Structures are given as C-alpha cells and as structure tokens.
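A.B. asks: Got a sequence here, can you model it:
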Amino acid sequence: MSLTRRTLIGAAAATPALIGWKASAAQSDLDDAVRAYDQATVHNDVAALAQLVCDDYTLVNSDSSLQDKASYLEDFRVPGFKLDPYVLEQPVRRVWGDTALLAGLVHLSWTLKGEHQARLLRIAHVWTKLEGRWRLAYTQLTRVPEQ
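C.D. replies: Numbers count the residues shown, from 1 in each chain. Down below sits the predicted model:
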C-alpha cells in the first residue's frame, strides 16, 4: 500500500474524538488517556502516541488492510499531514473492568500534500488498562458509503 494511502487510512484511526465524555470518577483516568490521545493526534505528537498505544496495537483500516504500531506511528511523520478536529457522533462507550470500547461516527477531514480530503467513517477503539494506565490496543474503521 502506498505511503499516502496508508497515511490517510491510518490517520482516521488516530483522529481525535474531541468529545466531552461524561464519566464516573472511576473512569476519569480513561477520559484523561483519551484526551491525551486526542491532543497527540491533532499535534502529530509521535512520542506521546507511542506511549498511549500498546506495543501490539492493531489497526484495521477501512480497506481491510492491517497496520501495526510502527507503521501507524510512521504515518504521523509524513510532512504536511494535518488532521482537522472533529466531533464524534452517535457515541458508544462500554467499560468492562480494564477494557473499554469507545466508538461512533465521524466526519474525518485532513490535509496532505496541500490537498484537503474528507470521509465519513465509523470508528471503534478498544482501550485496555495495563500497569495502571489506559492504552489503545485496537482500532477498526468502516467507511460509510456515500449516498
């Protein structure tokens, strides 16, 4: 897969939720991790993302291709790549102990090589609490067909 295509697809997985989840005190550390992840994706902060994503992270792109952590992080190093902030619609949030599912619908837009693009995607993130902190373990993207 070309770097440009991988960048566009991988970026969708990293797109910030930028939504104020309402959570109990017990879930506030998950919210903190999600906010840190959101900020890292918007600012292409590869060092922060490397700390927030599990070593065995898997991204299933909307074309069904797979990326591992190294490939995913590399996408954020592409010069001129910038995600636009967005709001997660139709949010889904389920927490089962040390595992959480955060999902929804997003109108993703970004700029790459001076060209602005946009897509409608369903996104699902699986978070896991490891060694006392939440980390992103898995992301799946589904492209919503244009109507």
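
A.B. asks: Identify the residues contacting the top strand by length along the chain?
C.D. replies: Identified as the longest strand of the chain according to DSSP state E is strand 115-130. Strand 115-130 is contacted from outside by 8, 12-13, 15, 30, 33-34, 54, 62, 88, 92, 97-111, 134-144, 146, using CB atoms under 8 Å, 6 or more residues apart in numbering. (Each C-beta comes from the backbone N, C-alpha and C, glycine too.)

A.B. asks: From those residues, list just the buried residues.
C.D. replies: Among the contacts of strand 115-130, those classed as buried by 16 or more other CB atoms under 10 Å are 8, 12-13, 15, 30, 33-34, 62, 88, 100, 102-106, 108, 110, 134-141.

A.B. asks: Please, which helix or strand holds the closest residue to residue 69 other than its chain neighbours?
C.D. replies: The spatial neighbour of residue 69 that comes closest, neighbours along the chain excluded (CB to CB, 6 or more residues apart in numbering), is residue 57 at 4.3 Å. Here residue 57 sits within strand 53-60, counting by DSSP states H and E.
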